[in-house]
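dropping a prediction and its sequence here:
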Amino acid sequence: MDNQIEQQRNRLLRRADWRFLLDNPWPEKSICLNRGFLAQAVQAVSSKDITGEKDFPGEFDLVVARNPNSTALQKAWLALRSSGSFYSEWYSPMVGGTAGIRKRLEAAGFTDVVCYWPWPIPTFSPALFWLPLDAPQAVRYFLSNRSQPTSLLAHFASSLLQILWKFFRKTHLLVPVCVTARKSDPVAVPIFQDNPEEDILTHWGNVKSAGKPRRFNAFMWTGGKRSINKVILYQFANGEEIPQRIVKLPRTPETVPALIHEAHILQALHARKSEAATRAPAVLFLHELNGMVALEETTVLGRPLYTVLNKENTLGLVIKVTDWLSSLAVGEPLVPREVWWDRLVEPALHDFEQAFGAMLDRSVLPKCRMILNRLGALPQVFEHRDCSPWNLLVTTSGELAVLDWESAEQDGLPALDLVYFLTYLAFFIDGSIKNGKFIESYRRASDPATFTGSVKVASLVRYIECTGLDSGILQPLRLLAWLIHSRSEIRHLSADTGGSPQPAALQHSLFYNLVLEELAIEQSPAQASTH
């Protein structure tokens, strides 16, 4: 499999992201009444796919149609099994908006009709979000929580677009409208129940259970760039203006282990009942079924840290992050290196050599070992492994919240998350995220005379003071951080190419270059203790 094949797979799977709004996101037998890319996407997410023009009996789990007329609606209803799902896309404003579409579907015998507006339009590019148009609280939440533009012109353009969007919605001119519905079943149980675990089980159409109906509206977010990125449903119960729960679902089987791992990490973190755990979401339930999984968590709300940064508040926010990371290490006993070395250090060195060995100078690995051998006994801590300004939120009360624990290590090492955070903080402040000048930014942050360097020094000094650790561990742990993260970068490069990364991609690997940068830095012990 090469890069083009993976890109095509990603496009196909994302073209069918609407399936996560259905009773069963993984249908066995499906049919699309239209041809083209939508039909290919349906085939990609179904165990069995039937194409052709002839009529079919009521045995399909899913029927899909684009701009269906009355004949197509009748054909879809007849093709579906009892309680099967129907998904349709409507691109003409002449149908009368959600009310007109609902009237047509209900006249054809469909029930549980829910209308969504996706953006961007799925026909042209993968949609990033799906808004339930008949759930005003979900729409209000989405519109009020979008990232605010920084420039005056961009802010004006965003406000104008919102006004236009509301106008088109009110006048029934908003397109496209994407709709989910079911073939009515007189003995079917309501989709959502009082019990949260039963909610998702019944939603999948795999468990029948009795209970008082408790309907949820779901706003769906389908971000990320790869096929392995997860899908997130923000669930709104009746009367809720702010969602109290989210459900994470895997787009591909490869994502399942990561979601299971996140659930176990969060459960272990909250089991300690520490102050640090209050910054992370809590697991409501984890359900595994037929090789897939659903993870429901409490909602953690706030604005990504990088969106609120300015020169006046940066140091204060960095100290909040530093104190939180310190709290994960405080009180933890020192553990001899023999306990964690073979589990954390040797695999990182081995994988780095396997990935980059052909490009490395013969002195690189011996130098890495020489520096890492300075490490002695250390506390084992919960390590987030993606402690970055996009996974850290600032709540409305100014507190810190931490998302996405799927890469976390329960028995990790101290300071690694802080090194990662401070580095990416500098990337955001310097604009390296946009211009790609990462190494230049990294070097500036190593100079205490620069803004990012002064913030970095203040944070590291604070961390050492809070944890009581020896400042001499910072340099080898910084090197270890880049060795560890180079492994995940290699996995991403391999996923993008569908095989071994090309030499050019390896040469431009950020963490490979950060490892070399660390080895190239010749500094005094005093400098090493604060960088």
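Cool, the structure landed. Remember, it's a predicted structure, so these values are computed and weren't measured experimentally. Residues are numbered from 1 along each chain as shown.

buried residues in whichever strand or helix holds residue 324?
Secondary structure from DSSP states H and E places residue 324 in helix 314-329. Residues of helix 314-329 classed as buried by neighbour count (16 or more other CB atoms under 10 Å): 314, 317-329. Just so you know, the C-beta spots here come from the backbone N, C-alpha and C atoms, and that holds for glycine as well.

how about the residues you listed in a markdown table, adding pLDDT?
Formatted as a markdown table, these follow (pLDDT from 0 to 100):
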| residue | pLDDT |
| --- | --- |
| 314 | 96 |
| 317 | 97 |
| 318 | 97 |
| 319 | 97 |
| 320 | 96 |
| 321 | 97 |
| 322 | 98 |
| 323 | 97 |
| 324 | 96 |
| 325 | 97 |
| 326 | 96 |
| 327 | 95 |
| 328 | 95 |
| 329 | 95 |
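
how far off centre is stretch 306-315?
Distance, stretch centre to chain centre, for stretch 306-315: 24 Å (CA atoms, centre = their mean, to the nearest Å).

who's in contact with it?
147-148, 317, 389-390, 394, 425, 428-429, 451, 455, 458 (CB atoms under 8 Å, 6 or more residues apart in numbering).

show me where the stretch 201-350 of the chain has its helices.
Taking DSSP state H, counting those that start in this stretch as the test, the helices found in the stretch 201-350 of the chain are 256-271, 305-308, 314-329, 337-340, 346-356.

contacting residues for residue 432?
Here residue 432 is in contact with 426, 438, 440-441 (CB under 8 Å, 6+ apart).

return the subset of those residues lying in strands.
If you go by DSSP state E, the contacts of residue 432 have nothing in strands.

from these, which is closest to residue 478?
Within the contacts of residue 432, the smallest distance to residue 478 is 13.2 Å, found for residue 426 (CB to CB).

ok, the closest one to residue 311 distance?
13 Å (CB to CB, to the nearest Å).

more neighbours: those two, which one.
More crowded of residue 426 and residue 311, by other CB atoms under 10 Å: residue 426, with 23 against 9.

from memory that one sits against residue 447, does it?
No: in this structure, residue 426 is not within contact of residue 447 by CB atoms under 8 Å, at 10.9 Å.

and the gap between the residue positioned nearest the centre of the chain and residue 220?
With distances taken as CA atoms, centre = their mean, the residue of the chain nearest its centroid is residue 230 (5.5 Å). Remark: distance between residue 230 and residue 220 (CB to CB) = 11 Å.

list the helices and strands the lengthiest helix in the chain packs on?
For the chain, the helix that runs over the most residues, judged by DSSP state H, is helix 474-497. Here helix 474-497 touches helix 3-15, helix 346-356, helix 364-372, helix 416-430, helix 503-507, helix 510-520, helix 525-530, going by 3 or more CB pairs under 8 Å, 6 or more residues apart in numbering; DSSP states H and E.

quick one: low-confidence parts of the stretch 351-500 of the chain?
495-499 (pLDDT under 70).

tell me which element residue 463 is part of?
helix 451-467.

export that helix to PDB, keeping only CA atoms.
Provided in PDB are the C-alpha atoms of helix 451-467 (Å, rounded to 0.1, in the frame of the first residue of the first chain):
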ATOM      1  CA  PHE A 451      11.100  35.500  25.700                       C
ATOM      2  CA  THR A 452      10.600  31.800  25.200                       C
ATOM      3  CA  GLY A 453      13.900  31.000  26.800                       C
ATOM      4  CA  SER A 454      13.000  33.100  29.900                       C
ATOM      5  CA  VAL A 455       9.600  31.300  30.200                       C
ATOM      6  CA  LYS A 456      11.300  28.000  29.800                       C
ATOM      7  CA  VAL A 457      13.900  28.600  32.500                       C
ATOM      8  CA  ALA A 458      11.200  29.900  34.900                       C
ATOM      9  CA  SER A 459       9.100  26.700  34.300                       C
ATOM     10  CA  LEU A 460      12.000  24.300  34.700                       C
ATOM     11  CA  VAL A 461      13.200  26.000  37.900                       C
ATOM     12  CA  ARG A 462       9.700  25.800  39.300                       C
ATOM     13  CA  TYR A 463       9.400  22.100  38.400                       C
ATOM     14  CA  ILE A 464      12.700  21.200  40.100                       C
ATOM     15  CA  GLU A 465      11.700  23.200  43.200                       C
ATOM     16  CA  CYS A 466       8.200  21.500  43.400                       C
ATOM     17  CA  THR A 467       9.400  18.000  42.800                       C
END
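
touching, residue 141 and residue 242? I think so.
Yes: counting by CB under 8 Å, residue 141 does reach residue 242; the two are 6.4 Å apart.
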